[in-house]
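In: only the shape, not the letters, is given here:
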């Protein structure tokens, strides 16, 4: 972020233009960022399988230097849904899952049974690993290879139950680099490219886990950058 106009500069510009006023001064800035910074929703055009994007569109045709011509962040819906927390850290009786801990479909079934909650079509599923609360302030630690995340079979389980979005308190929902090729980003491809299920990354789930709140009203609106591949977002859980 760079401030390019200060109140002093505004006032000087006005005086030079011969405009007399109340010495009002504005401060303005310019911001440059990756749209996948912080808490955000991945647009469906974010990931391809070969040249294929969601809906069978061609990545070579859709992804332009000026942005996506289809499936951009302006198409990310505003979510007003039931949210379900799948607390995997609680299952393991730890505050934070360790490096190398994959979250499988079996883990999700156990978490739902422990919370006595059943998934319903239209839900947003949030997976709690404890990773963000423990490590977000240490960038190298937070993004290290092997951080805990979902496996492809876990994503399949949620997709089969009709969820519209999957969120996690890590930087990718899955754990890229843990499973390795050919599924380096298999969860992204399965959810975004094949199923049209949105991914919400870097979700702060600790307060929901602390409150032992497996069900809640979930709201999430994203900034709609035309042609963007992701949308910075503000999720809200109402207990």
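Out: Great, that's in hand. All values reported here derive from a predicted model rather than from experimental measurement. Numbering: from 1, shown residues only.
In: any idea which element residue 85 lies in?
Out: strand 79-87 (DSSP states H and E).
In: C-terminal to that strand, what's the next element?
Out: According to DSSP H and E, the helix or strand after strand 79-87 is helix 88-91.
In: who are the packing partners of that next one?
Out: helix 105-115, strand 124-128 (3 or more C-beta pairs under 8 Å, 6 or more residues apart in numbering; DSSP states H and E). C-betas here are computed from N, CA, C, even on glycine.
In: ok, now with 10 Å
Out: helix 105-115, strand 124-128, helix 131-135, helix 206-210 (3 or more C-beta pairs under 10 Å, 6 or more residues apart in numbering; DSSP states H and E).
In: which one, of these, ends up nearest to residue 31?
Out: Among these, the nearest to residue 31 by C-beta to C-beta is helix 131-135 (22.9 Å).
In: average pLDDT for whatever helix or strand comes next after the closest one?
Out: Downstream of helix 131-135, the first helix or strand assigned by DSSP H and E is helix 139-142. The average pLDDT for helix 139-142 rounds to 94.
In: contacts for helix 139-142, please.
Out: 99, 131-132, 134-136, 147, 170-171, 202 (C-beta atoms under 10 Å, 6 or more residues apart in numbering).
In: residue 4 and residue 32, how far apart?
Out: From residue 4 over to residue 32 the distance is 12 Å, taken as C-beta to C-beta, to the nearest Å.
In: tally of neighbours for the closest residue to residue 79 other than its chain neighbours?
Out: Nearest in space to residue 79, with sequence neighbours left out and distances taken as C-beta to C-beta, 6 or more residues apart in numbering, is residue 220 at 4.3 Å. Applying other C-beta atoms under 10 Å, we find 25 residues neighbouring residue 220.
In: separation between residue 220 and residue 208?
Out: In terms of C-beta to C-beta, residue 220 sits 14 Å off from residue 208.
In: run through the chain and note the low-pLDDT ranges.
Out: Within the chain, the stretches with pLDDT under 70 are 177-183.
In: show me how it divides into domains.
Out: 1-32, 40-238 (automatic domain parsing).
In: pick the one among the contacts of helix 139-142 closest to residue 21.
Out: residue 202 (43.4 Å).
In: which non-adjacent residue is nearest that closest one?
Out: Looking at residue 202 with C-beta to C-beta, 6+ apart, the closest residue is residue 39, at 4.7 Å.
In: from residue 55, how far off is the one you found?
Out: Taken as C-beta to C-beta, the span from residue 39 to residue 55 is 26 Å.
In: so these two - more neighbours on which side?
Out: For the pair residue 39 and residue 55, the greater number of neighbours falls to residue 39 (18 against 12), based on other C-beta under 10 Å.
In: the more buried one and residue 204 touch, don't they?
Out: Yes. With contact defined as C-beta atoms under 10 Å, residue 39 reaches residue 204; the gap is 7.1 Å.
In: overlap in contacts of these two?
Out: In contact with both residue 39 and residue 204: 132, 167, 169, 235, using C-beta under 10 Å, 6+ apart.
In: taking those, tell me the two that lie furthest apart.
Out: Longest span within the shared contacts of residue 39 and residue 204, C-beta to C-beta: 132 and 235, 12.4 Å.
In: list residues touching both of those two?
Out: In contact with both residue 132 and residue 235: 39, 202-205, using C-beta under 10 Å, 6+ apart.
In: check contacts around residue 154.
Out: 86, 88, 102-109, 125, 127, 166, 173-174, 187.
In: swap in residue 38?
Out: Contacts of residue 38 (C-beta under 10 Å, 6+ apart): 136, 171, 201-202, 232-234.
In: perfect, that will be all.
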